[in-house]
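1. Show me the folded form of this:
(one chain, ligands or ions: 1)
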Amino acid sequence: MNQSTKQDLRQILGKFLTGVTVVTTIDQHGVPVGFTANSFTSVSLDPPLVLVCLAQSAGLAPVFRRATSFAINILSTEQEAVSNGFARKDADRFASVDWQSKSTGSPIIKGCAAWLDCEMYEKIIAGDHIILIGNIQDAKKTARNPLGYYQGRYCAIDLPEETLSLLEHRKSVHSTTGVLVDYHDQLLLIEQSDGRYDVPRTEPGGEGEESRIKAAMTKLGIEVHNKVLFSVVEGRHHQRISIYYRCNVEPGEALPPTARYFKPEDLPFDKLSRPELGNVLRRYLEEKNTGQFGIYVGDEHQGHIEQIAERKI
Ligand SMILES: Cc1cc2nc3c(=O)[nH]c(=O)nc-3n(C[C@H](O)[C@H](O)[C@H](O)COP(=O)(O)O)c2cc1C
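-> Just a heads-up that it's a prediction; the model follows:
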């Protein structure tokens, strides 16, 4: 590959949104070492394996080639400085972080979104990188939100902790999931038996949310692209949660007779089947106009919009 296509490739790969980790170990003199990496990925659940790729040219490559264990620290939104610090050459990387040892002795950095403590399972040379495969010995998540990274920038979806725990525990309360289906600036609504309109909804139960949304869309003959969380509307006393996703679609070939795409000006706001739906649809249209989508978190009357923030390095 020539120089310019390498640059192109970097930009193409940069479209893949990742988290940010700091990979740590203890060197042969007992000194903690680590580097920032976004090439982390999970590999296997049984046995529990993860991998990260380290440049062979990195100063720490000889240390990790010898290492028998390492830890993956998944950074939180408050840890941009940690990410930058562990990517800087010749910096005293551990000077500004607190850390502790868990199962293998590799440093677990305080303030992370999650961590995985691994025995070295295998090292594979692949081109100019070494793939370090770790066998997870111990792992924990915290309530902190993970830091994101794409196209050379940090980004973050700063959902508040209560929302995260609501989303996590929603199986224990009554929850319903609706999908805002947008095809060429028209929104899909389904006419209910009482003449009111609703967005497509998933059936309760069954496998995870992803496949329930897919199943609901397949029923309408629709293929979904780019499903993104849009609203978490909590009913009174936390007993009911309505979750909305937004997505773009390929047109359904044969929509059922009750399903219809509406232009924004034709949306039947006076005939919607749920109290929160009018606000959800209005905000969708407004945010689509500005091109800046957020995530609404609140109840039917009041709440706030979490921006999907983008931060420059
Ligand atoms: C967000 C981010 C992600 C990175 N991901 C990787 C990676 O996956 N693998 C890698 O070898 N270097 C990665 N780097 C670069 C290393 O952190 C950096 O080159 C290294 O720590 C330099 O130190 P050294 O050569 O002195 O060891 C990343 C840097 C940043 C800022």
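2. got the domain boundaries for the protein?
-> Following automatic domain parsing, one finds the domains of the chain at 3-157, 161-311.
3. Turn those into JSON lines, including mean pLDDT and mean neighbour count.
-> Yep, even glycine has a C-beta here, placed from its N, CA and C like the rest. Converted to JSON lines, the domains of the chain look like this (pLDDT from 0 to 100; neighbours: other C-beta atoms under 10 Å):
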{"stretch": "domain 3-157", "mean pLDDT": "94", "mean neighbour count": "17"}
{"stretch": "domain 161-311", "mean pLDDT": "81", "mean neighbour count": "15"}
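4. can you tell me the helix or strand for the residue of the stretch 101-250 of the chain found nearest the ligand?
-> Using C-beta to the nearest ligand atom, the single residue of the stretch 101-250 of the chain nearest to the ligand is Tyr149, 5.0 Å away. Assigned by DSSP states H and E, Tyr149 belongs to strand 147-150.
5. go on, Val97?
-> Here Val97 is assigned to no helix or strand, by DSSP H and E.
6. now the strands for the stretch 101-250 of the chain?
-> Ranges of strands in the stretch 101-250 of the chain, per DSSP state E, counting those that start in this stretch, are 107-109, 114-126, 129-141, 147-150, 153-157, 174-183, 186-191, 197-198, 223-234, 240-250.
7. Ser69 is nearest to which of those strands?
-> Set against Ser69 and scored by C-beta to C-beta, the strands of the stretch 101-250 of the chain come closest in strand 114-126, at 5.2 Å.
8. May I have the strands that pair with that closest one, each with its orientation?
-> According to DSSP bridges, strand 114-126 forms sheet pairs with strand 69-74 (antiparallel), strand 129-141 (antiparallel).
9. Can I get stretch 255-273 in CSV? Just the C-alpha atoms.
-> Listed next in CSV are the C-alpha coordinates belonging to stretch 255-273 (Å, rounded to 0.1, in the frame of the first residue of the first chain):
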residue,chain,number,x,y,z
LEU,A,255,-46.7,-3.0,4.5
PRO,A,256,-49.8,-4.3,6.3
PRO,A,257,-52.9,-2.2,5.6
THR,A,258,-52.8,-0.6,9.1
ALA,A,259,-49.2,0.7,8.6
ARG,A,260,-48.6,4.0,6.8
TYR,A,261,-45.7,6.5,6.3
PHE,A,262,-46.7,10.1,7.3
LYS,A,263,-45.1,13.3,6.2
PRO,A,264,-44.3,15.5,9.2
GLU,A,265,-47.2,17.9,8.4
ASP,A,266,-49.7,15.0,8.2
LEU,A,267,-48.8,13.3,11.5
PRO,A,268,-52.0,12.7,13.5
PHE,A,269,-51.0,14.4,16.7
ASP,A,270,-54.6,14.4,18.0
LYS,A,271,-55.0,10.7,17.5
LEU,A,272,-51.9,9.2,19.1
SER,A,273,-52.3,6.1,21.3
